[in-house]
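Enquirer: Structure, please.
(2 chains)
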Amino acid sequence: MSQKYTVPRGTKDILPSEIPFWHYIESSSRSLFGLYNYQEIRTPIFEHTELFERGIGDATDIVEKEMYTFTDKGNRRLTLRPEGTAPLVRAYVQNSIYAKSKVAKLYYCGPMFRYERPQSGRYRQFHQIGVECLGNALPIADAEVIAMGVHLFDELGLSGLSVTINSVGCAVCRPVIEERLKQFIGMNLENLCEDCNRRFDSRPLRILDCKNVTCKTYMTGLPDIRNSLCHECTDHFNYVVGYIDNLGIRFQINPQLVRGLDYYTRTTFEIVSDQLGAQNALCGGGRYDGLVSQLGGPATPAVGFAFGIERAVMILQELSDYHQKVNPLIYMAPVGFDQVAKCFLLVDRIRRAGYRVELEAGKTDLKSHLKQADKLDARLVLIYGETEAEQGNILVRRMTDRTQESVDFDAVLEFLLAEFGPGHG
RNA sequence: GUGGACGUAGCUCAGGGGUAGAGCACCAGAUUGUGGCUCUGGUGGUCGUGGGUUCAAUUCCCAUCGUUCACCCCA
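Expert: Below you'll find the predicted structure:
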């Protein structure tokens, strides 16, 4: 079908049938983050381009080729946010949130934009929910953030997930690690793939992550990176691992786990799903002790994660046992045009009492009313025709068992109360 | 940015050089105020777009746009 107007490539409409999943994820996240004493923060959807260049790192794929950048009429260079951490830190610094208390625990939720080739689970506009704990350098903070993620996905009922964790070192030991890695690779550099050669100077750690088969063979025999971490980083990592192990969280240590954003220090982790196809990362995060100061704030340690709502929805949709609880539908059937006004009045009264009602005034015969009510999956049909008008009644029909009874026009609310309990809303 | 697959009714798809079909969905009937089943009938497509080959293209060729999967990378 060729249509004149379609959504831009990599974007999609979230249709009513999918919306319950979104509400479920969003409201579960909000209430669970509340239990950990987190507060929501909302930042603009676009920022000065420089924020991302500085914050994410200008050698990253995101900054090099994935940003939606434009110039506004005042000649400002702006970018649709590709991720949530840098803007949140910007807001943290700009509003001096650090001055109010030592620790700030914040979460955000909203659309992100990355110019990539779309594929399963990957969009150009996608949505993330993320949490950031700022001002706490202790390993317990890392552990709590990871535990919160695991808790949330448990709560949502997502299965088939696994946690992977690693440490990428700090400002002190990372250069040492990179140097060692370069030495190890150096002699074989020409045998590695193009990408790895490019990474060699800018971001050598990423070579560890390469999926290229020949590159992998040259990586065998590489000493475990964690042996090169400094004492502080090693201790930190061991504590984090100990804490989450103690909680009974199952995880794997993966020394190859290197994330694509430059700001990470020490802990990095991912939660992946076996139900997502190639783009299997549901959630990713880690510690970023250098970012706040890099963006002009006081030296502040921080740790956080973000997960993709679309991907969470994909997993939920695979699960057959997900059912939403809904207010049962009541269908108001005026039989004959003359009854419409009176029905409108009744429907108003019922809705104000908190029940969900569909008034169908476009049909005038009972047969098509009932067909329509059936299609809408109504639980109850209120029939009001000439007979009822004369007698001052409503005929109430239960669609499930085809029973029906006459109720006084003014006693409908009492009937509904007995039938469904109090309405809500 | 690279590679593969695919674009035919609202949806899932079949077909095939001579101006298109099925199932589902939708609408209307099967007597007068009673739904989900069944039966009957009906609406609905310039076969993604542009160009080329041909007497003729939706069917062949090219391009383009889009969808999709994978790589890269990530949520």
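
Enquirer: Mind listing what's buried along stretch A:291-300?
Expert: For stretch A:291-300, the neighbour count (16 or more other Cβ atoms under 10 Å) marks A:L291, A:V292, A:Q294, A:L295, A:G297, A:T300 as buried. Just so you know, the C-beta spots here come from the backbone N, C-alpha and C atoms, and that holds for glycine as well.

Enquirer: can you list the residues that contact stretch A:415-425?
Expert: A:N327, A:P328, A:I330, A:I350, A:A353, A:G354, A:Y355, A:L380, A:V396, A:V407 (Cβ atoms under 8 Å, 6 or more residues apart in numbering).

Enquirer: Nearest spatial neighbour of the closest residue to RNA strand B within the stretch 51-200 of chain A, chain-adjacent residues omitted?
Expert: Closest approach between the stretch 51-200 of chain A and RNA strand B, counting by Cβ to the nearest atom of the strand: A:S120, at 2.9 Å. Nearest in space to A:S120, with sequence neighbours left out and distances taken as Cβ to Cβ, 6 or more residues apart in numbering, is A:G277 at 4.5 Å.

Enquirer: what does A:I383 give?
Expert: A:L395 (4.0 Å).

Enquirer: Show the pLDDT at the one you found.
Expert: Per-residue pLDDT puts A:L395 at 96.

Enquirer: Using PDB, list the CA coordinates for stretch A:35-48.
Expert: Taking Å, rounded to 0.1, in the frame of the first residue of the first chain, the C-alpha atoms of stretch A:35-48 are listed here in PDB:
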ATOM      1  CA  LEU A  35      10.300   2.200  47.200                       C
ATOM      2  CA  TYR A  36      14.000   2.900  46.700                       C
ATOM      3  CA  ASN A  37      13.400   6.600  47.400                       C
ATOM      4  CA  TYR A  38      14.000   7.800  43.900                       C
ATOM      5  CA  GLN A  39      12.400  10.900  42.400                       C
ATOM      6  CA  GLU A  40      11.500  11.700  38.900                       C
ATOM      7  CA  ILE A  41      13.200  14.400  36.900                       C
ATOM      8  CA  ARG A  42      12.200  15.600  33.400                       C
ATOM      9  CA  THR A  43      14.700  17.300  31.100                       C
ATOM     10  CA  PRO A  44      14.200  18.700  27.500                       C
ATOM     11  CA  ILE A  45      14.100  16.400  24.600                       C
ATOM     12  CA  PHE A  46      16.900  18.300  22.900                       C
ATOM     13  CA  GLU A  47      20.100  19.800  24.300                       C
ATOM     14  CA  HIS A  48      23.100  21.600  23.000                       C
END
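
Enquirer: list the buried ones in it?
Expert: Buried residues in stretch A:35-48, defined by neighbour count with 16+ other Cβ under 10 Å: A:Y36, A:Y38, A:I41, A:T43, A:F46, A:E47.

Enquirer: Taking the stretch 151-300 of chain A, what residue is nearest to RNA strand B?
Expert: A:G260 (0.7 Å).

Enquirer: tell me how far stretch A:304-315 is from the chain's mean position?
Expert: 4 Å (Cα atoms, centre = their mean, to the nearest Å).

Enquirer: Residues contacting that stretch, please?
Expert: For stretch A:304-315, the external contacting residues (Cβ under 8 Å, 6+ apart) are A:18, A:21-22, A:25-26, A:83-85, A:121, A:123, A:126-133, A:145-146, A:149, A:153, A:156, A:158, A:160, A:269, A:271, A:273, A:275-276, A:279, A:281-286, A:288.
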